[in-house]
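Trainee: fold the following and give me the result.
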Amino acid sequence: MTVVGLTGSIGMGKSAVTAMFRRAGVPVFDADAAVHILQGSGGVLLPEIEARFPGTTGPAGVDRAKLGAAVFGKPDELKALERIVHPAVARMRAHWLRRNRSLPVVVLDVPLLFEKKGWRTVDVVVVVSAPAWMQRKRVLARPGMTAGKFRRILALQTPDAEKRRRADYVITTGCLKHETEAQVRHLVACLRAKRRR
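Mentor: Presented below is the predicted three-dimensional model:
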């Protein structure tokens, strides 16, 4: 099995590229989706999160705004949350990889692949990238986003130029959607061909 680590900074189009990999027949483990399950209604992490960050959970699961306010810009609090969440996500990922071990190519969608050293656990690193002006336009169009918040998020992420430099492959989304999809299909074909050799 070739394990692909897919990453990209905020607003680069990683979610769209993830969907393209799925359409190309490649299963994807979505780390963000795993977190939503773990923190959603009935999620297994709710008691531990509530104990550490009182008032941040309810019947619907984690209140993302309240939890965000409790950790954003507070490195020690963020680390405490990560110590709760990351091991649980790692267990889900390991289980998913075991279930899919007979497949030639799988994708791990990990937003902080470089920041949390996840690149060491994959065979191939794919970075999704777009021009900075396009990234900014996409992000600032999101509900509740501000220029200040965008700057703070970028400060926590490995710069796009460094991600591209360290990538095995770069998928560009600063083009027409069908052109990006063609890049994904070509990459999948190449990875499958390598597995057959």
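Trainee: so where's this protein shaky on pLDDT?
Mentor: Residue ranges of the chain with pLDDT under 70: 196-197.
Trainee: can you give me the strands in the protein?
Mentor: 2-7, 28-30, 57-58, 61-62, 105-109, 124-129, 169-172 (DSSP state E).
Trainee: for T158, which of these is the nearest?
Mentor: Closest approach to T158 among these (Cβ to Cβ): strand 2-7, 8.7 Å. Placement of C-beta: from N, CA and C, glycine included.
Trainee: got the domain ranges for this structure?
Mentor: Annotated domains of the chain cover 1-26+105-197, 28-99 [automatic domain parsing].
Trainee: as CSV, those domains with mean neighbour count would be great.
Mentor: Putting the domains of the chain into CSV (neighbours: other Cβ atoms under 10 Å) gives the following:
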stretch, mean neighbour count
domain 1-26+105-197, 17
domain 28-99, 15
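Trainee: contact partners for P87?
Mentor: When contacts are counted by Cβ atoms under 8 Å, 6 or more residues apart in numbering, P87 touches no other residue.
Trainee: separation between it and V35?
Mentor: 12 Å (Cβ to Cβ, to the nearest Å).
Trainee: in contact with the closest residue in space to R101 that isn't next to it in sequence, which residues?
Mentor: Distance criterion Cβ to Cβ, 6 or more residues apart in numbering; nearest residue to R101, sequence neighbours excluded, is M1 at 5.8 Å. By Cβ under 8 Å, 6+ apart, the residues touching M1 are 97, 100-106.
Trainee: would you map the helices across the chain?
Mentor: 14-23, 31-39, 46-52, 64-71, 75-99, 132-140, 147-156, 160-166, 177-196 (DSSP state H).
Trainee: output the contacting helices and strands for the first one.
Mentor: Taking 3 or more Cβ pairs under 8 Å, 6 or more residues apart in numbering; DSSP states H and E as the contact definition, the neighbouring helices and strands of helix 14-23 are strand 2-7, strand 28-30, strand 105-109, helix 177-196.
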